[in-house]
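Trainee: Everything below, folded, please.
(chains A and B)
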Protein chains: 2
Amino acid sequence: MASNFTYYTPTEVVFGKDTEREAGRLVKGHGGTKVLLHYGSNSAKKTGLLDRVAASLKAEGIDYVELGGVVPNPRLSKVHEGIKLGKKEGVDFILAVGGGSVIDSAKAIAYGLYNGGEVWDFYEGKRTLQGALPHAAIVTIAAAGSEMSNSSVITNEDGWLKRGLNTEYGRCRFAIMNPELLYTLPEYQTMSGIVDIMLHTMERYFIIEEPMSLTDDIAAALLKNVMHHAHILLKDPKNYEARANIMWAGSLSHNGLTGAGNGSRGDWACHQIEHELGGLYDIAHGAGLSAVWDSWARYVYKIKPERFASFGYKVFDLPKSGDADADALSAIAATKAFFESIKMPTTIKALGVNPTEEEILDMADKCSFGGTRTPGSIKALDRADIEAIYRLALGD
Amino acid sequence: MASNFTYYTPTEVVFGKDTEREAGRLVKGHGGTKVLLHYGSNSAKKTGLLDRVAASLKAEGIDYVELGGVVPNPRLSKVHEGIKLGKKEGVDFILAVGGGSVIDSAKAIAYGLYNGGEVWDFYEGKRTLQGALPHAAIVTIAAAGSEMSNSSVITNEDGWLKRGLNTEYGRCRFAIMNPELLYTLPEYQTMSGIVDIMLHTMERYFIIEEPMSLTDDIAAALLKNVMHHAHILLKDPKNYEARANIMWAGSLSHNGLTGAGNGSRGDWACHQIEHELGGLYDIAHGAGLSAVWDSWARYVYKIKPERFASFGYKVFDLPKSGDADADALSAIAATKAFFESIKMPTTIKALGVNPTEEEILDMADKCSFGGTRTPGSIKALDRADIEAIYRLALGD
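Mentor: So this is what the prediction gives:
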């Protein structure tokens, strides 16, 4: 039965060509007067994007300071740097120019500036947020969906702990999305982003509860659309329609739409399993997800084979054989084949990393919070299950 | 090409069983201290719904006054009554308990109380809104989607003018949606609501611009889901899944999702044509839409037959014949057949009304604002076109 749900997406999306020129108007409309302009690598500088954003802010009389250098799997040390700078300069608005890492870092800075104290406490669940400084995003990578989601993920270099925090205070005031800003993304990063987008919908699909059928139908429509356009981008990375559809799908995949009525929480075991890999190695998040998904799916599908089978019917138009187990395995194989078709790894070794025995045990321990938590909805995974999935996924 | 768009849906949706008991908590969270509880017929009283809502408000220490009596095609006189009462009682929050008519009436009262002066001016475009009193909805009819839309439609009895107003100030702070509240709706009202829901998506589908394919795919998924569940409700009006899916589709159909990237405005000619019928006769809005849709479609499809044909392929799984005109007519026939299958009228006379020659001319005149406006995107309709569609739709 469709479960009760809350759907709350207050972010004002401004989508399309040249929309970065609206930044000043939007910051002003949302009450910002002094902005921390937060970004990652120098590419935002080199392409002139930061200049265009800065000009838009200046045109509205909005002051700003810059802080670049956010890396994938964004670090707590950079968040601390942002909080220190924001305090010193008296900023009242954080504007992220980048992908999920930059947006997540901006959210953490917004939490730190509003609440004071050690911001990592919130990610460890030791304190509860009372609010956040207003923040917004100009999106340059279609992947994390952080621009419309309530989540952020930060890595603490002290122990390489990667932790996520979901809170309504994490909603961006606005999100500017110009598909043309994605034209220069390398193929590997584009495809990794596509896996991330797909997984945000798939993690909400593979649930032990009964789903809501409209949500299933929207999820299938979204996944088919994304896969179609992924293949176009392999040949034509500057295809506006393909970039636009995938970019919008990225936001819809993680704003709650594809999970409405589907139980209380989704599965998210793959994300948890990948988080530990991403904490240990600097891998692209989406590539990490495709590296473990197939092994996770094969490990858990027998708990609810009809759910995996339905995924094959709806998303891959696979025929019904009458054998749910066989159809589930066909759906898993079709998903793996799609990941391979966009050149994404489907084992951990294909990521170019090779965890030691000790590292596997350590990741399984962290992923289960020392054996105290069991990620997953289709199957709640204990430490031994997680360890088994890491081993299956190695690709020996 | 996917057009630039803004997507802004700040309404907090709280969906599912017993959610009306959250009313007090939500009003309080959104800053309300004294509420105008606005409703329609006595059924909200008889079923005990108003009592449960009132109890929820009292439990949070929130004071309230009541104003019932909103009728379908809500009247300006009732809006004036609400503004007068709201002023006298010093209310700071309007809570609608009902369907689109009650919610639209509540929005108009919220505009009047915030801005002062004659509220009809805003519907006539003579003044611009500066804001609105906070307002929210407890939805008891799945149809108008007003709970998440930016629009409201009011009828001025002086001349029976029906006018819509779209503004971001019209967004509800929250929307409580309990599918069980719909169990007792009469079949005709349920099916009329379903037509309205479908048309909100279809008006955004039939555009002269190139669409965004993800939006098309989501629209088709939504329409197929709604049609499937409509047939279930014909046999089993207390089917929770069917009520829940249609109710959620009603909100998604009119919150902008099904038009994202599809040009600047959608078509909306059928809505305009129906509005004049609804201003003249007290007909159910959805029934009025199904009464004119087929004639509108046959009048305009040759401008862009491939768009109507694609509707048939995506929504009705019709085969491609290679002849766009023939496929367009098949799609139109399939849509008409669906409306008939849920017992909805597909001519004006089937609505039980019979406009005179003078009334047809008068409706065409009003619909074109005296010949100064041309509703429609697929085809911009002038006064003569509108007159022709009314005549086609009569059903002689």
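
Trainee: Kindly state the domain boundaries assigned to chain A.
Mentor: Domain ranges of chain A: A:12-181, A:186-394, per automatic domain parsing.

Trainee: Of those, give the one that comes closest to residue B:353.
Mentor: domain A:186-394 (33.9 Å; C-beta to C-beta). No exception for glycine: its C-beta is placed from N, CA and C like everyone else's.

Trainee: From one end of that closest one to the other, what's the distance?
Mentor: 26 Å (C-alpha to C-alpha, to the nearest Å).

Trainee: for stretch A:307-327, same thing?
Mentor: Note: stretch A:307-327 ends 10 Å apart using C-alpha to C-alpha.

Trainee: Please list the residues of the stretch 1-150 of chain A that sit near chain B.
Mentor: Residues of the stretch 1-150 of chain A found near chain B (C-beta under 8 Å from any C-beta of the partner chain) are A:1-10, A:12-17, A:19.

Trainee: after the longest helix belonging to chain A comes which helix or strand?
Mentor: Secondary structure of chain A per DSSP state H: the longest helix is helix A:213-235. Moving toward the C-terminus from helix A:213-235, the next helix or strand (DSSP states H and E) is helix A:240-253.

Trainee: quick one: that following helix to helix A:213-235, angle?
Mentor: 140 degrees (axes from the mean of the first three to the mean of the last three C-alpha atoms, to 10 degrees).

Trainee: can I get the CA coordinates of the helix or strand just after helix A:240-253 in PDB?
Mentor: Downstream of helix A:240-253, the first helix or strand assigned by DSSP H and E is helix A:269-280. Taking C-alpha atoms only, helix A:269-280 is exported to PDB below (Å, rounded to 0.1, in the frame of the first residue of the first chain):
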ATOM      1  CA  ALA A 269      22.600   0.100   1.200                       C
ATOM      2  CA  CYS A 270      24.600   0.600  -2.000                       C
ATOM      3  CA  HIS A 271      25.200   4.200  -1.100                       C
ATOM      4  CA  GLN A 272      26.400   3.200   2.400                       C
ATOM      5  CA  ILE A 273      28.700   0.500   0.900                       C
ATOM      6  CA  GLU A 274      30.100   3.000  -1.600                       C
ATOM      7  CA  HIS A 275      30.600   5.700   1.000                       C
ATOM      8  CA  GLU A 276      33.200   3.600   2.700                       C
ATOM      9  CA  LEU A 277      35.000   3.000  -0.600                       C
ATOM     10  CA  GLY A 278      34.800   6.700  -1.300                       C
ATOM     11  CA  GLY A 279      36.200   7.500   2.200                       C
ATOM     12  CA  LEU A 280      39.200   5.200   1.600                       C
END
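
Trainee: So which residues make contact with helix A:269-280?
Mentor: A:73, A:153, A:155, A:160-164, A:199, A:203, A:283, A:285, A:288-289, A:291-293, A:296, A:300, A:348, A:351, A:353, A:355, A:359, A:362-364, A:366-367, A:375-379, A:381, A:386, A:389-390 (C-beta atoms under 8 Å, 6 or more residues apart in numbering or on different chains).

Trainee: Give the buried residues for the longest helix of chain A.
Mentor: For helix A:213-235, the neighbour count (16 or more other C-beta atoms under 10 Å in any protein chain shown) marks A:213-227, A:229-230, A:233 as buried.

Trainee: Wait, a helix at residue A:13?
Mentor: No: assessed with DSSP: H, G, I helix; E, B strand; the rest coil, residue A:13 is strand; it does not lie in a helix.

Trainee: sorry, back to before: I would like a ChimeraX command selecting only the buried ones among the contacts of helix A:269-280, please.
Mentor: If you want just the buried ones from the contacts of helix A:269-280 in ChimeraX, going by 16+ other C-beta under 10 Å, the selection is:
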select /A:73,153,155,160,161,162,163,199,203,283,285,288,289,291,292,293,296,300,348,351,353,355,359,363,364,366,367,375,376,377,378,379,381,386,389,390
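
Trainee: Give me the residues contacting stretch A:233-246.
Mentor: Counting by C-beta under 8 Å, 6+ apart, A:15-16, A:142, A:179-180, A:182-183, A:185, A:187, A:190-191, A:193-194, A:197, A:225-226, A:229-230, A:232, A:342-343, B:1-2, B:212-214, B:261 sit against stretch A:233-246.

Trainee: pLDDT value on residue A:162, please?
Mentor: Residue A:162 is assigned 82 on the pLDDT scale.

Trainee: In a strand, it, correct?
Mentor: Yes: counting by three-state DSSP, residue A:162 is found in a strand.

Trainee: That one and residue A:153 touch, don't they?
Mentor: Yes: using C-beta atoms under 8 Å, residue A:162 is in contact with residue A:153, at 6.3 Å.

Trainee: what does the stretch 201-350 of chain A have sitting close to chain B?
Mentor: A:212-214, A:217-218, A:220-222, A:224-225, A:240-241, A:244-245, A:248-249, A:252, A:257, A:260-261.

Trainee: If we use 6 Å, what do you get?
Mentor: A:213-214, A:217-218, A:221, A:225, A:244-245, A:248-249 (C-beta under 6 Å from any C-beta of the partner chain).

Trainee: would JSON lines of the residues you listed with pLDDT be doable?
Mentor: Compiled in JSON lines, those are given as follows (pLDDT from 0 to 100):
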{"residue": "A:213", "pLDDT": "97"}
{"residue": "A:214", "pLDDT": "98"}
{"residue": "A:217", "pLDDT": "98"}
{"residue": "A:218", "pLDDT": "98"}
{"residue": "A:221", "pLDDT": "98"}
{"residue": "A:225", "pLDDT": "98"}
{"residue": "A:244", "pLDDT": "98"}
{"residue": "A:245", "pLDDT": "98"}
{"residue": "A:248", "pLDDT": "98"}
{"residue": "A:249", "pLDDT": "98"}
